[in-house]
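**Q** Next come a sequence and a model predicted from it.
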Amino acid sequence: MALTKLDQLYRAVILDHSQSPRRRGELDKATTQIELKNPTCGDVIQVQLALENNTITDVRFDGSGCTISMASASMMTDAILNKTVEEALALSEQFSQVVLGNETEKKRELGDAMMLSGVSKFPARIKCATLSWKALEKALADGGTGVDNQLTHE
Ligand code: ZN
């Protein structure tokens, strides 16, 4: 089963994010943090956000899990940095469509995260890909005040 050139590119980008994750670690000035688990795979992700004037001015993630979950979290931080809450939630919606295999007009706004579109062929891995985005959505609930400095387990 040969991989197409596009599959190879996507695979290389995913591996790069999992091996050299962007913005992994702790945020000093986090206004919101949240932890989510994906019991089907064992992935655990913490997402920390610094929100100022309705804009995500900084973001970090940490956790442990499979290649897809870690790469997706890294890609997510690239996509949402310096976005408003509304823009970040719109990106999250785009991403959930992409991993279901649906074409969207704005998927390029996701940057590297759109390279996880191949996950749609592996339904068991969709939750791995969306875990960090679900954490983002929960962290942004109620304008980022609803889970202020609380760790929430699910
Ligand atoms: Zn996983």
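**A** That came through fine.
**Q** doesn't D16 fall inside a strand?
**A** No: going by DSSP: H, G, I helix; E, B strand; the rest coil, the assignment for D16 is helix, not a strand.
**Q** Tell me where this protein is predicted with low confidence.
**A** 1-2, 142-154 (pLDDT under 70).
**Q** Near the ion, which residues of it are found?
**A** By the rule C-beta under 5 Å from the ion, the part of the chain lying against the ion is C41, D43, G65, C66, S69, C128. Heads up, the C-betas are built off the backbone N, CA and C, glycines and all.
**Q** Quick check: phi and psi at the third one.
**A** According to degrees, to the nearest 10, the main-chain angles of G65 amount to phi 170, psi -170.
**Q** list the contacts for the closest residue to it other than its chain neighbours?
**A** Excluding the flanking residues, the one nearest G65 by C-beta to C-beta, 6 or more residues apart in numbering is D43, at 2.9 Å. Residues near D43 by C-beta atoms under 8 Å, 6 or more residues apart in numbering: K37, G63, S64, G65, C66, S69, M70, C128, L131.
**Q** Please report how far D43 lies from V99.
**A** Noted for D43: a distance of 14 Å to V99, by C-beta to C-beta, to the nearest Å.
**Q** now do M70
**A** Distance from M70 to V99, by C-beta to C-beta: 15 Å.
**Q** same thing with Q33?
**A** 24 Å.
**Q** So between these two, which is more surrounded?
**A** The neighbour count for Q33 versus V99, taken as other C-beta atoms under 10 Å, is higher for V99 (26 against 21).
**Q** isn't that one right next to C128, touching?
**A** No: counting by C-beta atoms under 8 Å, V99 stays clear of C128, with 9.5 Å between them.
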